[in-house]
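# My questions are about this predicted structure, shown below with the sequence.
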Amino acid sequence: MKRIAVLTSGGDAPGMNAAIRAVVRTANYHHIEVYGVERGYEGLIEGDLKMMSRRSVSDTIQRGGTILKTARSEAFTTYDGRRKAAEALSDRGVEGLVVIGGDGSLRGANDLYREFGVKVIGLPGTIDNDLGYTDRTIGFDTAVNTAISAINCLRDTMSSHERVVVVQVMGRRSGEIALHAGLAGGAEVILVPEKPVDYDEVASILNRGKAVGKTSGIVVLAEGAAPLEETMKELSERTGLSLKSTVLGYIQRGGSPTMADRVLASRLGVRAVELLKENKGGLAVGVKNGAVVALPIGEALAIKPFFDEELYEQAKILSL
Ligand code: ADP
């Protein structure tokens, strides 16, 4: 393979730049030309491709967001849109494509491979950690650490005022961020979509905390577990506590990536190019039990996200 392209798609995630950098530099090392596609599939359909050099990714490994920008593309969800995308690549003699994005982006990548034979390699770029084929997605570790920092700040002020705060964290349909940030932040309660929300139980945990002298309480609520307003209303009705709420929102998507995300993104980016060099395509690259793995995208996406029941139970024990 002499020429490849790389794009980021869907929600941005810290570490996407480290992945782009790894793709560009590994390709350069193997004397493969690389085009950067701006604004994901939208830019690909419009033929928005620029040649990238080793130097074009200098000073990017530590930056959050994505230097290639990202987008959601309605057009790409149609056959006609994907045909245009495939043509934009073939017009420039591009033989392989690295797609960095979440579940939706990888589904799109698989369509492009199956329908038009584009040699696509998918990398898991999402803060949600909701892809079952990989232990970790690029961006998850940073997002969790950002949430933990926020929880630390909230603990200070909640202790001073003897209050309970419900902190809503991201994750779409996944409770991964909530579980890990909740455990590491010492939350009293963690509410995740993978488990039924029992307000009576939550209220009794918070009331008991007050009775045993706890001066603050933190409830970490995954956005997919229950609406924040509902949680506030139900808990207010069941406790006599002073309840506050905070939505962490987009701050979880930004920031300088952690070591774990930079290393993960770099390893996966290198492997993606090595696979393209071997003329392979239609594969999703991830990490399982510490080792980099590659499997057919369709197969990878059929694996249900893993929810660590044991960790969830341990978090419960430790929060008492
Ligand atoms: P993420 O990749 O973070 O999950 P989205 O689900 O929004 O984000 O997907 C990003 C883009 O991928 C969409 O805007 C669309 O262009 C494309 N896409 C998503 N789902 C599909 C699908 N089932 N088939 C083809 N393309 C898809």
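Received, thanks. Numbers count the residues shown, from 1 in each chain.

# How many neighbouring residues does the nearest residue to A178 once chain neighbours are set aside have?
In space, and not counting its chain neighbours, A178 is closest to A222: 3.7 Å by CB to CB, 6 or more residues apart in numbering. (C-beta placed from N, C-alpha, C; glycine too.) Residues lying near A222 (other CB atoms under 10 Å) number 27.

# my guess is A222 contacts H180, does it?
No: counting by CB atoms under 8 Å, A222 stays clear of H180, with 10.8 Å between them.

# For the residue nearest to A178, what are phi and psi?
In terms of degrees, to the nearest 10, the main-chain angles of A222 are phi -70, psi 140.

# Now do the contacts for it.
Q168, V169, G171, S174, G175, I177, A178, L179, I190, L191, V192, P193 (CB atoms under 8 Å, 6 or more residues apart in numbering).

# Okay, the fifth one and the ligand: tell me how far apart.
Pointing back at G175 there. According to CB to the nearest ligand atom, to the nearest Å, G175 stands 17 Å off from the ligand.

# mind listing what the closest residue to that residue other than its chain neighbours touches?
Of all residues not flanking G175 in the chain, V192 sits nearest, at 2.5 Å (CB to CB, 6+ apart). Residues in contact with V192, defined by CB under 8 Å, 6+ apart, are G175, A178, L179, A222, G224, A225, F307, Y312.

# So which of the contacts of A222 is the closest to V247?
Set against V247, the nearest of the contacts of A222 by CB to CB is Q168 (4.6 Å).

# three-state assignment of the closest one?
strand (DSSP: H, G, I helix; E, B strand; the rest coil).

# That one and E223 touch, don't they?
Yes: between Q168 and E223 there is a contact at 5.8 Å, judged by CB under 8 Å.

# all strands in the chain, in order from the N-terminus.
All strands of the chain, identified by DSSP state E, fall at 3-8, 33-37, 49-52, 96-101, 119-124, 164-169, 189-191, 217-222, 243-247, 283-288, 291-296.

# residues in contact with L97?
L97 makes contact with I4, A5, V6, L7, L89, A109, L112, V118, K119, V120, I121, according to CB under 8 Å, 6+ apart.

# Not including adjacent chain positions, what is the nearest residue to the residue in the stretch 151-300 of the chain that the ligand sits nearest to?
Per CB to the nearest ligand atom, R172 is where the stretch 151-300 of the chain lies closest to the ligand, at 8.2 Å. Computed as CB to CB, 6+ apart, the closest residue to R172 that is not its neighbour in sequence is D128, at 5.3 Å.

# Show me what from the stretch 51-200 of the chain comes close to the ligand.
72-73, 76-77, 101-105, 107-108, 111, 126 (CB under 6 Å from any ligand atom).

# By neighbour count, which of those residues wins?
G101 (30 neighbours).

# Out of the strands of the chain, which is closest to Y199?
Smallest distance to Y199 across the strands of the chain (CB to CB): 9.5 Å, for strand 189-191.

# Partner strands of that closest one and their direction?
Strand 189-191 has the following strand partners under DSSP bridges: strand 217-222 (parallel).

# And the partner strand, what's buried?
G217, I218, V219, V220, L221, A222 (16 or more other CB atoms under 10 Å).

# Minimum pLDDT in the residues you listed, which residue is that?
pLDDT across those is at its lowest for G217, which sits at 92.

# tell me the contacts of that residue?
M158, R163, V164, V165, E188, V189, L206, G209, K210, L241.

# Show me the domain layout of this protein.
3-139+257-302, 140-254 (automatic domain parsing).

# Most tightly packed of these?
Across these, averaging neighbours per residue (mean count of other CB atoms under 10 Å) puts domain 3-139+257-302 on top, at a mean of 21.

# Model confidence score at the residue lying closest to A225 once chain neighbours are set aside, please.
Nearest non-adjacent residue to A225, counting by CB to CB, 6+ apart: L191, 4.3 Å away. In this model, L191 is scored at 98, pLDDT.

# Pretty sure L191 sits against V202.
Yes: the pair formed by L191 and V202 meets the contact definition of CB under 8 Å, at 7.3 Å.

# Isn't I121 up against E278?
No: counting by CB under 8 Å, I121 does not reach E278; the two are 10.7 Å apart.

# so what's V24 up against?
Shown in contact with V24 (CB under 8 Å, 6+ apart): V6, V34, G36, M52, S53, R54, S56, V57.

# now, among these, which is nearest to the ligand?
If you rank those by distance to the ligand using CB to the nearest ligand atom, V6 comes first, at 14.9 Å.

# Give the bridge partners for the closest one, please.
Counting by DSSP bridges, V6 is bridged to G36, V98.

# Surely it touches A22?
No: using CB under 8 Å, V6 makes no contact with A22, being 9.7 Å away.

# looking at the domains of the chain, which has the lowest confidence?
Mean pLDDT per stretch puts domain 140-254 lowest among those, at a mean of 95.

# So what would you say the end-to-end distance of that domain is?
End-to-end distance for domain 140-254, by CA to CA, to the nearest Å: 11 Å.

# Find the nearest non-adjacent residue to the residue in the stretch 51-200 of the chain positioned nearest to the ligand, please.
For the stretch 51-200 of the chain, the residue positioned closest to the ligand under CB to the nearest ligand atom is G104, at a distance of 2.1 Å. Spatially, and ignoring its direct neighbours in sequence, G104 is nearest to G10 (5.5 Å; CB to CB, 6+ apart).
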